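Enquirer: Provided below are the primary sequence and the corresponding predicted coordinates.
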Amino acid sequence: KQEVTQIPAALSVPEGENLVLNCSFTDSAIYNLQWFRQDPGKGLTSLLLIQSSQREQTSGRLNASLDKSSGRSTLYIAASQPGDSATYLCAVKIIQGAQKLVFGQGTRLTINP
Amino acid sequence: DAGVIQSPRHEVTEMGQEVTLRCKPISGHDYLFWYRQTMMRGLELLIYFNNNVPIDDSGMPEDRFSAKMPNASFSTLKIQPSEPRDSAVYFCASTPLPSTDTQYFGPGTRLTVL
């Protein structure tokens, strides 16, 4: 059974710092991995999607990497801003069985002005 | 496009009552997913549809939960009878093709069962 773990559960950093969020998964048989952002009381917004054949994806100040063999992904946020404060979730799309995403519990990120 | 639309946004009901949550997916998306989010269990898939047909309902917690998709633009998740442990945020999401495309989430329905 695929399990996704995100560490740390919460992170607080001063504005302007570069930071890394971690995601690990137990089964390397995945179609893709996605990073989502969730603001309080809101739905999830997809930030980056990495196909299993890719190593990384970039969007603005965000860079996500994928290492299938080690079952790890990282989300790098450059020059953090208070507006980046949110919960970040990673999810893997499993190959076997149903077409579904398996989510981590998320990292709650706070950027202090 | 307006995105995935869910209603109501908030629902407060008493134990034993029937609850119906509604979802309108993005036009043209063939897959629709219902999720539940709680502090204890995180985000869990309940059921998903492909072209209005339920494909996997293994995440539905028990027979009190049922979901339908009568047409490509509407789905319901019903809980009957509701219990306090059903209190959660319920999300609907849709996607054109899950193996390569992202899922687009609605804003969620916050359900409180007293």
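Expert: Cool, the structure landed. Computed from a prediction, not measured in an experiment: that's the story for all the values here. Residues are numbered from 1 along each chain as shown, chains lettered A, B, ... in the order given.

Enquirer: going forward, measure contacts between C-alpha atoms and count neighbours the same way
Expert: Will do.

Enquirer: Might you list the low-confidence residue ranges for chain B?
Expert: Counting by pLDDT under 70, chain B has low-confidence residues at B:1, B:99-100.

Enquirer: can you list the residues of it near chain A?
Expert: Chain B comes close to chain A at residues B:41-45, B:55-56, B:91, B:98-108, as judged by C-alpha under 8 Å from any C-alpha of the partner chain.

Enquirer: what about residue B:83, neighbour count?
Expert: 18 (other C-alpha atoms under 10 Å in any protein chain shown).

Enquirer: Torsion angles phi and psi at it?
Expert: Dihedral pair for residue B:83: phi -130, psi 160, per degrees, to the nearest 10.

Enquirer: If any of the residues of chain B next to chain A are buried, put those into a PyMOL selection.
Expert: Only the buried entries of these go into this PyMOL selection, using 16 or more other C-alpha atoms under 10 Å in any protein chain shown:
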select buried, chain B and resi 43+44+45+56+91+98+99+100+102+103+104+105+106+107+108
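
Enquirer: residue ranges for the strands of the chain, please.
Expert: In the absence of a named chain, chain A is used. For chain A, the strands defined by DSSP state E occupy A:4-7, A:10-14, A:19-25, A:30-38, A:44-51, A:56-59, A:62-67, A:72-77, A:86-94, A:101-103, A:107-112.

Enquirer: ah, no, chain B please
Expert: Under DSSP E, chain B gives strands at B:5-7, B:10-13, B:19-24, B:31-38, B:42-50, B:53-56, B:65-71, B:74-79, B:88-95, B:104-105, B:109-113.

Enquirer: Need the winner for burial among the ones you listed.
Expert: Between those, strand B:88-95 has the highest mean count of neighbours, a mean of 26, where neighbours are mean count of other C-alpha atoms under 10 Å in any protein chain shown.

Enquirer: Could you name the helices and strands sitting against that one?
Expert: strand B:31-38, strand B:104-105, strand B:109-113 (3 or more C-alpha pairs under 8 Å, 6 or more residues apart in numbering or on different chains; DSSP states H and E).

Enquirer: Direction included, what does that strand pair against?
Expert: Its sheet considered, strand B:88-95 pairs with strand B:31-38 (antiparallel), strand B:104-105 (antiparallel), strand B:109-113 (antiparallel) by DSSP bridges.
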